[in-house]
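J.: Got a predicted structure here, sequence first:
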Amino acid sequence: MAAAAFLTLGLGLAPGACRAPADDDVDITFDPCAPLVIELVAGATDAERASVASGVAMWNTQAATRLTLDDVAGAPRLPLRFEKAASAFYGLYDDERGVVLVNDGFSDGHQRAVTVAHEIGHAFGLAHVERNARLSLMNNGNLHIEPTAADVTALAALWGRCGDR
């Protein structure tokens, strides 16, 4: 998706929104319990790379997922790109192409890492969680909450517990 298209998507959504509202079907999902290579597209800064590594570690630590930044022969790849977008727009999982896009305007590494983890959650098939239901990595507009025990339970409901497989 071109940067201009990413910017356009960001203008029509609520702050922090990460999916276009017209499509409720998640077309491409990834099994979190199988090796999955997070493939940073060329041009990521050292700070962006560090945030991606942190977002990956959040899932791997909490849910025993098998995300990696290293090449694993035969493993599926989830491309992740940083692009310009409106400041109120944090990230997007393009489920029709299986690509994560993150706003390159973050100055806070932890907020960037939480956004990366949130968008990877969508790639696993997780939906947004209303704030009044519970605090969750998957709250729309979340910049602070890392994966919770309830997020791990929601992931296990879709795929089974990664440590048990």
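T.: Yep, it's here. Numbering: from 1, shown residues only.
J.: which ones are touching F30?
T.: L36, P76, L78, G98, A123, F124 (Cβ atoms under 8 Å, 6 or more residues apart in numbering). Any C-beta I mention is one placed from the backbone N, CA and C, and that applies to glycine too.
J.: Doesn't L92 lie inside a strand?
T.: Yes - counting by DSSP: H, G, I helix; E, B strand; the rest coil, L92 is part of a strand.
J.: ok, residues contacting the longest helix along the chain?
T.: Secondary structure of the chain per DSSP state H: the longest helix is helix 46-63. With contact meaning Cβ under 8 Å, 6+ apart, helix 46-63 is reached by 32, 38, 40, 44, 65-69, 80, 82, 102, 104, 106, 109-110, 112-117, 120-121, 137, 146-149, 151-152, 155-156, 162.
J.: so of the residues you listed, which ones are in helices?
T.: Reading helices off the contacts of helix 46-63 with DSSP H, I get 109-110, 112-117, 120-121, 149, 151-152, 155-156.
J.: Make a ChimeraX selection of whichever of those residues turn out to be buried.
T.: Buried residues among the ones in helices among the contacts of helix 46-63 (16 or more other Cβ atoms under 10 Å), as a ChimeraX selection:
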select :112,113,114,115,116,117,120,121,151,152,155,156
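J.: of the ones in helices among the contacts of helix 46-63, closest to D25?
T.: G121 (16.6 Å; Cβ to Cβ).
J.: So the closest one sits against N142, correct?
T.: No - with contact defined as Cβ atoms under 8 Å, G121 does not count as touching N142 (9.9 Å).
J.: Which one of the contacts of F30 is nearest to A133?
T.: F124 (18.6 Å).
J.: where does the protein have low pLDDT?
T.: 1-23, 165 (pLDDT under 70).
J.: Nearest residue to the middle of it?
T.: E119 (1.7 Å; Cα atoms, centre = their mean).
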